[in-house]
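Q: how would this look folded up:
(2 chains)
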Amino acid sequence: MRSSLAIETRNLGRVYKIRHGRKSEPKELVALKDVNLEVPRGEFFGLLGPNGAGKSTLIKILSTLLLPTSGVALVDGLDVTRDMVEIRRRISLVSGGENSGFGFLSVEENLWMFARFYGLDSRDARQRIHEMLEIVGLADRKHTRIGELSTGLRQKMTFVRGFIPDPNVIFLDEPTLGLDVAAARDIRAFVKDWIRRYPDRTILLTTHYMAEADELCDRLAIIDRGQVLACDTPANLKRSLQQDTIYLLRVAPPDSKPAPNGTLESVPGVRQVTVAAGDGYSELKLRLAGDDALGNVLSHVAAQGSTLLSLEKREPTLEDVFIHLVGRGLSEDAPPNGAQGSDE
Amino acid sequence: MRSSLAAFFSARNHRALRTFLTATWLGWRQEASWASAPVFALYLILRPLSSVLILVVMYSVITDGALEQPIFAYIYLGNALYILVGQLVGGISMAVVEDREHYQMMKQIHTAPINGYAYMLGRGIAKLLLGVISALVITGVGMLFFPLPLHPAAFDWPLLITSMAVGLTGIAALGVIIGALNMVIPRHIGSIGDAVAAALFLFTGAIFPLDVLPTWMQSIGFALPITYWLEASRRALLGPDAARFPTLAHFDDLALLQVLALGALGFVVVSIVVYRWAVYRAKANDLIDMDTSY
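A: Alright, predicted model coming up:
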């Protein structure tokens, strides 16, 4: 019987042994630890996490490129350690920032080659390639060598390569990485259209971009240091913070004393503070227990001699959820000795 | 039960054949893409010509121009045939490094439902085709311009075709063994395939009979199917002239082919085992798409 789950992991773990020199003892890095996920068929599932969180390690395991060191991973009901070839017939992997193909081949040749690897008849492959190149606006470039394409066009071609075999499960690993705004928007539109046309297909997306995850994903897991910290719909994740109040303050000068977290976090009612340096100001994002705490914060800012430039009350975003769970923003590096995969 | 087994093997073979043919096409496109068609054609002719001229000049200087001696035909044909070894072993094994580090396509290829063994073979076949063209050009030049006793009508075609089919199978398996090892070697320190092919040049009787080597070195040569392939191919092309060198004279043609087949089969079996081991190691140690700054 066909499993109702497209992806399932049970206590999945991956440990890398890193050796610095032949005689040194190998050092263990835990990239994934007891990851339990269930992704039903037809779901657009997201993995959100900073560099080194374990996202790419998980995708590598699910796409049969890497063996787990513990636990079980099933894709389309098949075991990634035993049914590799059968899994590969049913999946596709698109990575952002990848080389995208053999530079000496044309767009059409590269796509045709992969279509043949996936078992498509040559004529059917060319037909499908033509249709998909039309959809993404690359039809006029099909005879262009890949090496002559811009980054955005190459990424579009990579997308087409991923979707041509008509996979049951597609892994999108940072698919819009390094793309300009217009190209990223085109890619997202293409993905949304595809999932609308094929509602029984499953997409697993890893991304740095909160807005992308919020826009595309039915559900998402927030992952850090190899562990899943939360897994729910974007709306539910944001709702979990609604008992708190989010304020965005801009204060000057940027090196004023209120900026350090420790000082402000000691103010009654302040639950969390993150600071970002702007051009001539510091931007403080505050998670407060309630509106009442704002007076204390403003008094503290004034007492430190800083000038309040702006104040904005915000609805919780995925980024707020992320900071709440992980303790730092996506762009901030994990502290040393964090459990990080070597692949990211 | 029988029909399901038949279906399994049919699908598997179809996948392997499809992978092999597509990879062969890819390899040929790679080889032919760096120049325009006329320049590429010129390259195909000039490259072997230059190597054969170097060989003939060196031989002439050392022997004072004794081109009619049987050893000249021995060396000349050995050199022409050995091009196939270098091209096939180097082509297959280097494809792993090129795919992984130059084109960075290993990840995409290994998530596609290909037969990895067939893919490696296919990637090397294009190089073999170039090698065949080179060998044909060299042999043709030898027939036209040098006193080589080569007469196509007198060739032992069945022996030639059999030795080529069996011998090249074994040599391709050697290429897969080295290519598989390349998959798990994290630091690329040069072309191991080329190095192995060059090293075996000494031990297989390509340019001099094995008898001139010390006994322990001869043992290496006798253990390699390439030695028997070269001997069988020379016999097929030169006829009685090939028998002037006593190294393998005690083998009749059938015995020679049997030893060659046994050696080639051994290489094939070892290549399958090593390939599977290497893929497992690469997946266990996250080496499939490693970048060692090639």
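
Q: ramachandran coordinates for residue A:233?
A: Per-residue torsions, residue A:233: phi -70, psi 150 (degrees, to the nearest 10).

Q: whoops, residue A:319 was the one
A: Residue A:319 adopts backbone torsions of phi -60, psi -40, taken as degrees, to the nearest 10.

Q: where does the closest residue to it other than its chain neighbours land on pLDDT?
A: Distances taken as Cβ to Cβ, 6 or more residues apart in numbering or on different chains place residue A:210 nearest to residue A:319, at 4.8 Å, with adjacent residues excluded. C-beta: built from backbone N, CA, C; applies to glycine. Residue A:210 carries a pLDDT value of 85.

Q: kindly report the same for residue B:125.
A: At residue B:125, the pLDDT value in this model is 92.

Q: swap in residue A:195?
A: Each residue has a pLDDT score; the one for residue A:195 is 87.

Q: right, and the residue nearest to residue A:319 touches residue A:320 too?
A: No. Using Cβ atoms under 8 Å, residue A:210 makes no contact with residue A:320, being 9.4 Å away.

Q: distance-wise, check residue A:240 relative to residue A:230.
A: As judged by Cβ to Cβ, to the nearest Å, residue A:240 and residue A:230 stand 8 Å apart.

Q: overlap of the contact sets of these two?
A: Listed as contacting both residue A:240 and residue A:230 by Cβ atoms under 8 Å, 6 or more residues apart in numbering or on different chains are residue A:321.

Q: when these two are compared, which one has more neighbours?
A: residue A:230 (18 against 15; other Cβ atoms under 10 Å in any protein chain shown).

Q: next to chain A, which bits of the stretch 51-200 of chain B? Give me the list.
A: Along the stretch 51-200 of chain B, the residues adjacent to chain A under the rule Cβ under 8 Å from any Cβ of the partner chain are B:103, B:104, B:105, B:107, B:108, B:109, B:110, B:111, B:112, B:113, B:114.

Q: of the residues you listed, which is the nearest to residue A:45?
A: Nearest to residue A:45 among these is residue B:111, at 18.3 Å by Cβ to Cβ.

Q: what's the neighbour count on the closest one?
A: Residue B:111: 25 surrounding residues under other Cβ under 10 Å.

Q: ok, back up a step: dump the residues of the stretch 51-200 of chain B next to chain A to a markdown table, plus pLDDT, distance to residue A:197 and secondary structure.
A: Shown next, in a markdown table, are these (pLDDT from 0 to 100; distance: Cβ to Cβ, whole Å; DSSP: H, G, I helix; E, B strand; the rest coil):
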| residue | pLDDT | distance to residue A:197 | secondary structure |
| --- | --- | --- | --- |
| B:103 | 88 | 32 | coil |
| B:104 | 87 | 31 | coil |
| B:105 | 90 | 28 | coil |
| B:107 | 89 | 27 | helix |
| B:108 | 91 | 24 | helix |
| B:109 | 93 | 28 | helix |
| B:110 | 92 | 28 | helix |
| B:111 | 93 | 23 | coil |
| B:112 | 94 | 23 | coil |
| B:113 | 94 | 23 | coil |
| B:114 | 94 | 27 | coil |
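
Q: which PyMOL command selects the buried ones in those?
A: Burial among these is assessed by 16 or more other Cβ atoms under 10 Å in any protein chain shown; the matching PyMOL selection reads:
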select buried, chain B and resi 103+104+105+107+108+109+110+111+112+113+114
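
Q: and the helix or strand hosting residue B:58, which residues are buried?
A: Under the criterion of DSSP states H and E, residue B:58 resides in helix B:37-63. Judged by neighbour count using 16+ other Cβ under 10 Å, the buried positions of helix B:37-63 are B:44, B:48, B:51, B:52, B:55, B:56, B:59.

Q: for those, which one is nearest chain A?
A: Closest approach between the buried residues of helix B:37-63 and chain A, by Cβ to the nearest Cβ: residue B:44, at 17.7 Å.

Q: what helix or strand does the nearest residue to that closest one once chain neighbours are set aside sit in?
A: Distances taken as Cβ to Cβ, 6+ apart place residue B:133 nearest to residue B:44, at 5.1 Å, with adjacent residues excluded. Assigned by DSSP H and E, residue B:133 belongs to helix B:116-145.

Q: output the contacting helices and strands for that helix.
A: Helices and strands touching helix B:116-145, by 3 or more Cβ pairs under 8 Å, 6 or more residues apart in numbering or on different chains; DSSP states H and E, are helix B:2-32, helix B:37-63, helix B:70-97, helix B:157-184, helix B:253-284.

Q: that helix to helix B:70-97, inter-axis angle?
A: Computed by axes from the mean of the first three to the mean of the last three Cα atoms, to 10 degrees, the angle separating helix B:116-145 from helix B:70-97 equals 150 degrees.

Q: related to what we said a few turns ago, okay, now the residue nearest to residue A:319: neighbour count?
A: Neighbourhood size, residue A:210 [other Cβ under 10 Å]: 20.

Q: contacting residues for it?
A: A:48, A:317, A:318, A:319, A:322, A:330 are the contacts of residue A:210 under Cβ under 8 Å, 6+ apart.
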